[in-house]
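Novice: sequence first, predicted coordinates after that:
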Amino acid sequence: MARACSQAPDVCTRERIQSVADAVRRRVLEHTLTNNGGYLSQACSSAEILATLYLRVMRLGMSTAPSIPRSFPGVPGADNPDAFTGAGYNGPKGADLDRFIFSPVHYALVLYSVLIELGRLGPNALDEFNRDGSTVELIGAEHSPGHEVTAGSLAQAISQAGGIALARRLRGDSGRVWVFMSDGEFQEGQTWEAFAALAYHRLGNLGVYVDANAQQCDGPLDLVMNIEPLADRLRAFGAEVHEVDGHDPDALAAPAESVEVRDRPLVVIARTDPCRGIERLRERAPKLHYVRFKSEQEFATYQTLLNEMREEGL
Ligand SMILES: Cc1ncc(C[n+]2csc(CCOP(=O)(O)OP(=O)(O)O)c2C)c(N)n1
């Protein structure tokens, strides 16, 4: 099975990745206006990371899930044969195919928007966003499109991904496991325990992309609890670490493309700007975590901005 980017000759160009990232920002801004609230700065910081993962880094098959998401099937369990995960939107499971584990699930709207732009999810899927009984959750869970695990309590997904990577290696799969994380998750002890285990088990079939936007709920990360020097700390835990410009698709893809087989986990720290592409957001800093417009005037300003972005194709 080919990588997603080689399914059509032009799909994985830098321009194509950028146009998907631009469209993701636009869609998240539009949704934030429609709902008067949204995780908008997360779209600004992570749009190129997620677009690059889907279009260039991950080896995925076509979606096997319905373009209109199914309703919540109930919690998984032996007595619930109807339970499912949202992993089908990332294609079928296969020995040579990659798996994607999405960790900071408050970014769910950004992931749904990526899936829509790539045709893996129907354009109207956000109509069900945050409705009772819908799987298109505000805070994504294992049944939500593109999600495979429940990770609402941050920093848990990396441990689950490590278990999946170990099982895949024991089974002899050539496919890898890619994890998307936020930088706030590196304040948590479970993350470091997981990295110790990844290195101990030499899980070179696992790669992590970190959206290092330097923000969290209560403002700048370094004023809440500093995580730097993150690269050195991860190296000390046995990972291969690269720090890149998180808005440059070529720089983002390069570490993943440099070596096919590794004997230790790969971490790409993507340094990002939480206001990238929507400069106006900067006046709200450091309160960027969740955007809700405070007045009709502010709403109108962002509506005008959206119209300009549409006209400019940004
Ligand atoms: C274990 C845990 N603690 C706290 C929260 C509440 N919470 C949700 S999002 C968030 C922000 C964390 O910052 P970061 O992950 O860097 O995300 P960003 O600011 O980039 O959105 C927090 C603290 C949570 N979901 N899980």
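Specialist: Received it, and whenever you're ready, just let me know what you need.

Novice: how about this structure: which residue is closest to the ligand?
Specialist: residue 184 (2.6 Å; CB to the nearest ligand atom). Just so you know, the C-beta spots here come from the backbone N, C-alpha and C atoms, and that holds for glycine as well.

Novice: tally of neighbours for that residue?
Specialist: Residue 184: 24 surrounding residues under other CB atoms under 10 Å.

Novice: close to the ligand, is the helix or strand bottoming out on mean pLDDT in the chain?
Specialist: The helix or strand of the chain with the poorest confidence is strand 219-220; it has a mean of 92 (mean pLDDT, DSSP states H and E). No - using CB under 6 Å from any ligand atom, strand 219-220 stays clear of the ligand, with a minimum separation of 9.2 Å.

Novice: picking that back up, the residue of the chain closest to the ligand reaches residue 154, doesn't it?
Specialist: Yes - the pair residue 184 and residue 154 passes the contact test of CB atoms under 8 Å, sitting 6.6 Å apart.

Novice: those residues of the stretch 101-250 of the chain touching the ligand, which are they?
Specialist: 104, 106, 152-154, 182-185, 213, 215-217.

Novice: buried among these? Make that a PyMOL selection.
Specialist: Only the buried members of those end up in this PyMOL selection, burial being decided by 16 or more other CB atoms under 10 Å:
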select buried, resi 104+106+154+182+183+184+185+213+215+216
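
Novice: show only the entries of the residues of the stretch 101-250 of the chain next to the ligand found in helices.
Specialist: Among those, no member falls in helices (criterion: DSSP state H).

Novice: any chance of the residues of the stretch 101-250 of the chain next to the ligand in a markdown table, plus pLDDT and distance to residue 289?
Specialist: Below are those laid out as a markdown table (pLDDT from 0 to 100; distance: CB to CB, whole Å):
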| residue | pLDDT | distance to residue 289 |
| --- | --- | --- |
| 104 | 98 | 12 |
| 106 | 98 | 9 |
| 152 | 92 | 15 |
| 153 | 95 | 17 |
| 154 | 97 | 13 |
| 182 | 98 | 11 |
| 183 | 98 | 13 |
| 184 | 98 | 10 |
| 185 | 98 | 14 |
| 213 | 98 | 10 |
| 215 | 96 | 7 |
| 216 | 94 | 7 |
| 217 | 91 | 5 |
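
Novice: contacts for the longest helix anywhere in the chain, please.
Specialist: Longest helix of the chain, by residue count under DSSP H: helix 14-35. With contact meaning CB atoms under 8 Å, 6 or more residues apart in numbering, helix 14-35 is reached by 10, 38-40, 43-44, 47-48, 50-52, 54-56, 109-110, 113-114, 116-118, 126, 129-130, 247, 249-250, 277-278, 291, 293, 299, 302-303, 305-306, 309-310, 313-314.

Novice: okay then, goodbye and thanks.
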